[in-house]
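# Got a predicted model here, sequence first, then my questions.
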Amino acid sequence: MSAATSWILSEDYAGLQAQALGLAEAAGLRPELRVLAPRAPWKWVTASLWPAPLAAVPDLVRAPLPELVIGCGGMGRGDIKSASRF
């Protein structure tokens with residue numbers, strides 16, 4: 001049986017990434033780490049106020065989506081919430 005495809009969506013903070021990687025490894029996953037770096041003007045606004053979170057990071061969260069996405073930090077939460085609507 002092959003491992004589930006998975007991503008980690010995280011800001012560029014080692015502590016956040018380490019926690020998400022630890023969770024993924026404990027679950028037996030080998031996730032692809034995707035670092036969220038929003039474009040202007042969204043990089044200066046808190047992620048909870050973004051009207052369209054996926055538009056702020058257009059190249060990182062595109063189909064085909066994996067079976068599982070682990071998000072950490074404010075940006076990861078907003079992007080996962082938006083992606084779950086698909």
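Yes, it's here.
# Could you give the separation of the helix or strand harbouring residue 24 from the chain centroid?
Here residue 24 sits within helix 14-26, counting by DSSP states H and E. Helix 14-26 sits 12 Å away from the centroid of its parent chain (Cα atoms, centre = their mean, to the nearest Å).
# go on, stretch 59-71?
Centroid separation for stretch 59-71 versus its chain: 7 Å, with Cα atoms, centre = their mean.
# Name the residues of that stretch that are buried.
Residues of stretch 59-71 classed as buried: 61, 69-71 (neighbour count, 16 or more other Cβ atoms under 10 Å). Yep, even glycine has a C-beta here, placed from its N, CA and C like the rest.
# Equivalent analysis for stretch 13-30, please.
If you call a residue buried by 16+ other Cβ under 10 Å, then stretch 13-30 has these buried ones: 16-17, 19-21, 24, 29.
# same question, stretch 28-40
Those would be 29, 31, 34, 36, 38, for stretch 28-40 by 16+ other Cβ under 10 Å.
# got the phi/psi numbers for the residue positioned nearest the centre of the chain?
By Cα atoms, centre = their mean, the mean C-alpha position of the chain lies nearest to residue 9, the distance being 1.9 Å. When read as degrees, to the nearest 10, the backbone of residue 9 gives phi -100, psi 120.
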